[in-house]
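could you look at this predicted model? Sequence included:
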Amino acid sequence: MMNCQEIRELMPDLAAGLSAVTPELSEHLRACVGCAGALQQIRQTMNLLDEWQAPEPSPYFDVRLQARLREEMAKPRRGGLQWFRKPALAVSLAVLMAASVSLFRNGAVNAPAVPAMATVAEPGTAVGDLQALDNNHDLYSDFDVLDDLQVQPDVNANP
């Protein structure tokens, strides 16, 4: 037997007549008043939408619209920033971005130096292990060396 969630997923297609009503579906609709009511409401809504007619614009709508567009086009442009709308702005911004990227890559723009850590954390802590990884990056990046290392049992581990 179908559940209410499955029926709700099929309701738009059922109301529009795009999906066939199966015996299992009819049985559920007879037994479930909520699903039957929801299907009926969707059908009523679709019928109302089928009957609805969009209002026609007034006969002078196009004439008034064209007159308004001519008025707006005839108005003088205000503001000294009209050059922003020209393609030259896009080109100049692209050149500026390219120049800044090339300066950054060539090192002309230096980021402020981060001071080195003054203290060294003790080994075995998270910070100490990260510092050891950072200091010995070349050693740890070669996994063959790590495979050759002997694993030493932890003497502090409790069995």
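On my side now, so go ahead.

return the helix or strand in the chain with minimum mean pLDDT.
Lowest by mean pLDDT, DSSP states H and E among the helices and strands of the chain is helix 143-148, with a mean of 59.

residues near the nearest residue in space to residue 122 that is not next to it in sequence, how many?
With CB to CB, 6 or more residues apart in numbering as the criterion, residue 122 has its nearest non-adjacent residue at 5.3 Å, and that residue is residue 128. Glycine gets a C-beta too; all of them are placed from N, C-alpha and C. Residue 128 sits with 13 neighbouring residues when counted by other CB atoms under 10 Å.

and residue 128, what element?
The secondary structure element spanning residue 128 is helix 126-135 (assigned by DSSP states H and E).

who does that helix touch, helix- and strand-wise?
Other helices and strands packing on helix 126-135, by 3 or more CB pairs under 8 Å, 6 or more residues apart in numbering; DSSP states H and E, are absent; none qualifies.

check the residue nearest to residue 122 and give its pLDDT.
The predicted local distance difference test score for residue 128 is 73.

I'd like the distance between it and residue 136.
With the distance defined as CB to CB, to the nearest Å, residue 128 ends up 12 Å from residue 136.

ok, now residue 127?
In this view, residue 127 and residue 136 are 15 Å apart by CB to CB.

what lies in contact with stretch 14-24?
Contacts made with stretch 14-24 from outside it, assessed by CB atoms under 8 Å, 6 or more residues apart in numbering, are listed as 1-2, 10, 13, 25, 39, 42-43, 46.

in CSV, list the residues you listed along with neighbour count.
Rendered in CSV, the data for those read as follows (neighbours: other CB atoms under 10 Å):
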residue, neighbour count
1, 8
2, 16
10, 17
13, 11
25, 19
39, 20
42, 16
43, 15
46, 14
